[in-house]
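Student: sequence plus predicted model, see below.
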Amino acid sequence: MLFLLIAIVSLISFQGLLQCKLVEPLCKPAIVGTFGDSTLQFSSRFRIESFYGKNIQLLNSFNPTDQVIIPVRHTLDARMLYGYGFEKYGYEIVTLELTLRNKGVWGNPTSIASSDIAPVKLGDVVFGEHSHPLNRHYVWIREFWIQASLNEMLNLNFYNNHFMTAGFFSFELGRGVALGDAYAVDHDILGFYSPNAVDQYAPGIKLSGTLDYDEDLAYDLYVAILHNKSDTFANVNQKILGQQYEHRFKQERGFGKINWLTAGRFKLNMEQGEAVKVIFEPYFLYNDQREQKVEFLGDASSKLGTLGFSIDAHLGCIEMGFEFAHNLGRQDVKGWDRNVIKSATREGSFIATNSQVVVVSSPGPDVPATDALYRPENQQYVDSAVMSQSQNGQLITPSTALTQLRNSDRRFRDAYTNTYSGCMALWEMRLTCCDGFKMAMATGFATGDRNPNRDFNHPHDSTVDSDYGGFIGIQELYTGNFVRSDFVMGGSGKIPRIFSFPTNNVSSPYPDKTSRFTNLIYVGIGSCMDSGSWSINPNVLSYWQQVPSRIFDRSLDSLHPIARMASTWLGMEFNLFVDACFDNSMKFFAVGSVFVPGSHYADLKGHALNKDQQKFLDRFDRTGIDAGEQVPVLGTDAAVSINVGIEYRF
């Protein structure tokens, strides 16, 4: 109903706009100054918007708290572009760009940014992690790079121009699925469509240029540093590996823990007259992430490679695009001792205990069937235990010891390897029916798989190496080109999708979730009516899982639930994008969407997803009373989101 209301209001508004003078949308020229052979341009953009969403988390109308509203959010960008050398060399041999940003939700200063996550430790007990909001409206650098001509800088007599670019800049492969530019993304909620969600681009260096006489064959070679933990003495020597097998007395992180990425591509332009144009782009990427977190910081490493290509063709009134990518590489999960020192209270006293060592019998302060106290007489056995998954559940104290201790059933995890083998493909087509009216269709898929680092059947993980078939994209924020998504793939949040539920035998009965372009199949159609000063773009998309979720029917037998596969149909999304330009500097925009859940969510209805949602809602409860609140669960009600605002360029 709400979607229909938006469409009616939009059509009434545009009936008046049709009589207005047509102008090019947001084409106000930048302020330009020329000083000798230097050119300086300045432009800025101010975006102010509002958002409302209902049922966007749990699709459950019986949960009245599942709705959010942002009355006002603003984004201010200021861009400066400097170029030198056009008059003397015929092209700019040096280009520098700087974009500054200020953004925030009015009334919520914690939405601006936050500090890095740091551990909290008291004595020998690590309590967890914390970060602090930066609750001032400060300005930061979103984009800052310099590009220089290698021909002139190195005095190379090449016929073709070659450039080096360094700094913080956007770089994507294909349509940004295998590798996107979403390095530092804002904290948008689910369903908030934001084409400017990236708050900072990754730092990197790029070599680029052309290779043939006609300059139809271009290349890019890109290297980025995504995370560096070898930049200070404190980072290199931080003790994070004490739980790794054979590292009890060599706990420091070590040198060389840098998460770096390299990527390359060719772009071949093929034209035949003005009606036929084809762009072929083969590409590759390699990401070496030497410190990855499965359960604990630094307990795994990853080497991910992706090979792919994209094709874009313009054939008269028809535009088509296709892309395919395939993952290669592996994840090496280290052998790990899960036992850590944690805090607890016993008879009103604060104590420290071992998280994965259990007391069998004791005449002292240790209580049988509880976690062993952190005491010197206990730690001599805890620290000297044989590190092997075969020792889970085994006694670690001699028969003569007064206090008998044993390992928990999941204390040790042996090393294993996961091999990457996922793939994805996209296809889209757009037909220009007449001047200002276009029809489009699109489809795509990305393979999926269960979490390879979590055993869904047994209480402890398997040591068998596995093949992970889910597609892995890096910094991906794909929302579609010809047929756009607002709710399922849109924004930086995206609606969560559910993987399989574990059995009752595992420690946590809750499933994993994803919101990325993986384990997904979609088909969509759309149209666009564009007069130059306004445009209307409705889209309809349907979504499926590539690999079905496993659930358990506990209504028949709570002790022996029956496993079955849930339907793969996630549901349908109806959305409408509206833009109206008042002149060449101001634009009104509105995005509305309705997501109707499919039979997949009908099969999952009533299942609790995690404990964190309830903990989040109760985190300010100071009464200490457990009122027995019902844990929010999934439903099958339609979700609605509306995003409206004004963008002004000056």
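Tutor: Yep, that arrived. Everything numeric here is computed off the predicted structure, so don't read it as measured data. Residues are numbered from 1 along each chain as shown.
Student: need phi/psi at the residue of the chain most remote from its centre.
Tutor: Most distant from the centre of the chain: residue 400, at 53.7 Å, with distances by C-alpha atoms, centre = their mean. With angles defined as degrees, to the nearest 10, residue 400 sits at phi -80, psi -10.
Student: all the strands of the stretch 201-350 of the chain, in order from the start?
Tutor: Taking DSSP state E, counting those that start in this stretch as the criterion, the stretch 201-350 of the chain carries its strands at 203-210, 217-228, 258-272, 276-292, 300-315, 318-333, 336-337, 341-346, 349-361.
Student: of those strands, which is nearest residue 531?
Tutor: strand 318-333 (19.6 Å; C-beta to C-beta). Heads up, the C-betas are built off the backbone N, CA and C, glycines and all.
Student: what is the closest one packed up against?
Tutor: Counting contacts by 3 or more C-beta pairs under 8 Å, 6 or more residues apart in numbering; DSSP states H and E, strand 318-333 is packed against strand 300-315, strand 416-420, strand 423-434.
Student: what's the closest of the ones you listed to residue 243?
Tutor: That would be strand 300-315 among the helices and strands packed on strand 318-333, by C-beta to C-beta, at 12.5 Å.
Student: follow-up on the earlier one: quick check: pLDDT value at the residue farthest from the centre of the chain.
Tutor: For residue 400, the pLDDT comes out at 85.
Student: where in the stretch 151-300 of the chain is pLDDT low?
Tutor: The stretch 151-300 of the chain contains residues with pLDDT under 70 at 186-195.
Student: cool, the stretch 1-150 of the chain as well?
Tutor: In the stretch 1-150 of the chain, residues with pLDDT under 70: 1-28, 113, 115-116, 118-130.
Student: how many residues are close by the closest residue to residue 394 other than its chain neighbours?
Tutor: Once flanking residues are discounted, residue 394 sits nearest to residue 407: 5.7 Å by C-beta to C-beta, 6 or more residues apart in numbering. By the measure other C-beta atoms under 10 Å, the count of residues near residue 407 is 25.
Student: how close does residue 407 sit to residue 344?
Tutor: With distances taken as C-beta to C-beta, to the nearest Å, residue 407 is found 18 Å from residue 344.
Student: same deal with residue 38?
Tutor: 67 Å.
Student: out of the strands of the stretch 201-350 of the chain, which comes closest to residue 563?
Tutor: Here strand 318-333 is closest among the strands of the stretch 201-350 of the chain (C-beta to C-beta), at 26.1 Å.
Student: check the model's average confidence along the closest one for me.
Tutor: On average, strand 318-333 scores 95.
Student: got the angle between it and strand 416-420?
Tutor: Relative orientation of strand 318-333 versus strand 416-420 (axes from the mean of the first three to the mean of the last three C-alpha atoms, to 10 degrees): 170 degrees.
Student: pull the CA atoms of strand 318-333 into CSV?
Tutor: Below are the C-alpha coordinates for strand 318-333, written out as CSV (Å, rounded to 0.1, in the frame of the first residue of the first chain):
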residue,chain,number,x,y,z
ILE,A,318,20.6,-2.6,-27.0
GLU,A,319,23.1,-2.6,-24.1
MET,A,320,24.3,-5.9,-22.6
GLY,A,321,26.8,-6.9,-20.0
PHE,A,322,28.2,-10.2,-18.7
GLU,A,323,30.7,-11.0,-16.0
PHE,A,324,32.2,-14.2,-14.5
ALA,A,325,34.7,-14.8,-11.7
HIS,A,326,36.1,-17.8,-10.0
ASN,A,327,37.9,-18.1,-6.6
LEU,A,328,41.2,-19.9,-6.0
GLY,A,329,43.4,-20.3,-3.0
ARG,A,330,43.1,-21.5,0.5
GLN,A,331,42.6,-20.7,4.2
ASP,A,332,45.0,-22.2,6.7
VAL,A,333,43.5,-22.5,10.1
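Student: return the set of buried residues in that strand.
Tutor: 319-327, 329-331, 333 (16 or more other C-beta atoms under 10 Å).
Student: relative to residue 362, how far out is the residue nearest to residue 394?
Tutor: Distance from residue 407 to residue 362, by C-beta to C-beta: 16 Å.
Student: ok, now residue 238?
Tutor: Note on residue 238: its distance to residue 362, by C-beta to C-beta, is 35 Å.
Student: cool, and residue 386?
Tutor: When residue 386 is compared with residue 362 (using C-beta to C-beta), they lie 22 Å apart.
Student: neighbour count: these two, which is higher?
Tutor: Taking other C-beta under 10 Å, residue 386 and residue 362 do not tie; residue 362 has more neighbours (18 against 10).
Student: surely that one meets residue 401?
Tutor: No. Using C-beta atoms under 8 Å, residue 362 is not in contact with residue 401; the gap is 9.4 Å.
Student: check which helix or strand residue 152 maps to.
Tutor: Assigned by DSSP states H and E, residue 152 falls within helix 150-153.
Student: give the buried residues for that helix.
Tutor: Quick answer for helix 150-153 (16+ other C-beta under 10 Å): 150-151.
Student: pull up the pairing partners for the next helix or strand after that helix, direction included.
Tutor: For helix 150-153, the following helix or strand on the C-terminal side (DSSP H and E) is strand 162-168. Strand 162-168 has the following strand partners under DSSP bridges: strand 140-149 (antiparallel), strand 203-210 (antiparallel).
Student: the ones you listed: which one's closest to residue 253?
Tutor: Nearest of the strands paired with strand 162-168 (C-beta to C-beta): strand 203-210, 21.1 Å.
Student: what are the buried residues along the closest one?
Tutor: Buried residues in strand 203-210, counting neighbours by 16+ other C-beta under 10 Å, are found at 203-206, 208-210.
Student: over to stretch 398-406?
Tutor: For stretch 398-406, the neighbour count (16+ other C-beta under 10 Å) marks 401, 403-406 as buried.
Student: also stretch 220-228?
Tutor: 220, 222, 224, 226.
Student: tabulate these (JSON lines), appending distance to residue 248.
Tutor: Below are those laid out as JSON lines (distance: C-beta to C-beta, whole Å):
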{"residue": "220", "distance to residue 248": "46"}
{"residue": "222", "distance to residue 248": "40"}
{"residue": "224", "distance to residue 248": "35"}
{"residue": "226", "distance to residue 248": "30"}
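Student: which stretches in the stretch 401-550 of the chain count as strands?
Tutor: Under DSSP E, counting those that start in this stretch, the stretch 401-550 of the chain gives strands at 404-407, 412-413, 416-420, 423-434, 437-446, 466-468, 497-498, 513-514, 520-530, 534-544, 550-553.
Student: pick the most buried one from the ones you listed.
Tutor: Of these, the one with the most neighbours on average (mean count of other C-beta atoms under 10 Å) is strand 412-413, at a mean of 26.
Student: contact partners of it?
Tutor: By C-beta atoms under 8 Å, 6 or more residues apart in numbering, the residues outside strand 412-413 that reach it are 295, 333, 335-338, 387-389, 391-392, 460-461.
Student: that strand pairs with which strands?
Tutor: Assessed with DSSP bridges, strand 412-413 is paired to strand 336-337 (antiparallel).
Student: quick one: contacts of the partner strand?
Tutor: Contacts of strand 336-337 with the rest of the structure, by C-beta under 8 Å, 6+ apart, involve 243-245, 295-296, 299, 356, 387, 411-413.
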